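Undergrad: next come a sequence and a model predicted from it.
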Amino acid sequence: MLLVVHPNNPDQRKIQAIVKCLSEGGVIVYPTDTVYGLGCDIHQSHAIERLCRIKNISPAKAQFSFICYDMSEMSQYVKSIATPLYRLLKMHLPGPYTFILPASKLVPRILKNRKSTVGIRIPDNQIARSIVRQLGHPIISTSLPGQIVEEYTDPSLIEEKFRNQVDIVVDGGIGGTVVSTVIDCSTGAPSMLRSGLGTWAEA
């Protein structure tokens, strides 16, 4: 199902329909401030398993990030962080960054990796953040399977390709082709793991 949502002023009835789908274990494709991503409710284990099948990866080896609404919500899913790091995060968020941080006890076990860290995103995208705000907790953020190709920027083409695997493709306009910049803040000084759309002067 292709659902067109205005990128700057999302229709709340459509957001509610997306949230209902997620709450019932649905898997969606949705826009961020970088590329279109696959997502589901972090508390729906069956949906997480479905997402892993789409990506053709084992849940034990999966590396997913969370889409959070704001810094306040983010703080629930990460362990206490020092003031300088908090200020650094606040400088860059919302934005095209994924920050790797120590996971709190609220992160579902199925989503914890061996290092007990979690990737956090607060994208500069009204649709993604509206979905999370209405849902009341984060959704998973992961890229579409395979290499990022031009077809992955067009929601109608994404829907043609994945219509039998996902429940909703949220059409928020043409997406990007550059992924987020990944910064590891889990041990010591922040270090860049992947260069993406966001600039990182400290790297």
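TA: That came through, no problem.

Undergrad: buried set for stretch 49-68?
TA: Arg50, Leu51, Cys52, Ile54, Lys55, Ala62, Phe64, Ser65, Phe66, Ile67, Cys68 (16 or more other Cβ atoms under 10 Å). For glycine as for every other residue, the C-beta is placed from the backbone atoms N, C-alpha and C.

Undergrad: partners of the spatially most central residue of the chain in the sheet?
TA: For the chain, the residue nearest the mean C-alpha position is Ser141 (2.4 Å; Cα atoms, centre = their mean). Counting by DSSP bridges, Ser141 forms beta bridges with Ser65.

Undergrad: tell me who's in contact with it.
TA: Thr32, Gly37, Gly39, Phe64, Ser65, Phe66, Ile67, Thr98, Gly119, Arg121 (Cβ atoms under 8 Å, 6 or more residues apart in numbering).

Undergrad: how near is it to Val170?
TA: Ser141 sits 13 Å away from Val170, taking Cβ to Cβ, to the nearest Å as the criterion.

Undergrad: ok, now Pro96?
TA: Counting by Cβ to Cβ, the gap between Pro96 and Val170 amounts to 18 Å.

Undergrad: all helices for the protein, in order.
TA: Along the chain, counting by DSSP state H, helices occupy 12-23, 45-55, 71-77, 83-92, 126-135, 155-162.

Undergrad: and the contacts of the longest one?
TA: Here helix 12-23 makes contact (Cβ under 8 Å, 6+ apart) with 3, 5, 28, 30, 39-41, 44, 47, 127, 130-131, 134-135, 139, 167-168, 170.

Undergrad: give me the mean pLDDT for that helix.
TA: Average pLDDT, helix 12-23: 98.

Undergrad: identify each buried residue in that helix, please.
TA: Buried residues in helix 12-23, counted by 16+ other Cβ under 10 Å: Lys14, Ile15, Ile18, Val19, Cys21, Leu22.

Undergrad: how about the third one?
TA: Residues of helix 71-77 classed as buried by neighbour count (16+ other Cβ under 10 Å): Glu73, Met74, Ser75, Tyr77.

Undergrad: do stretch 185-203 as well
TA: Using 16+ other Cβ under 10 Å as the test for burial, stretch 185-203 gives Cys185, Ser186, Pro190, Gly196, Leu197, Gly198.
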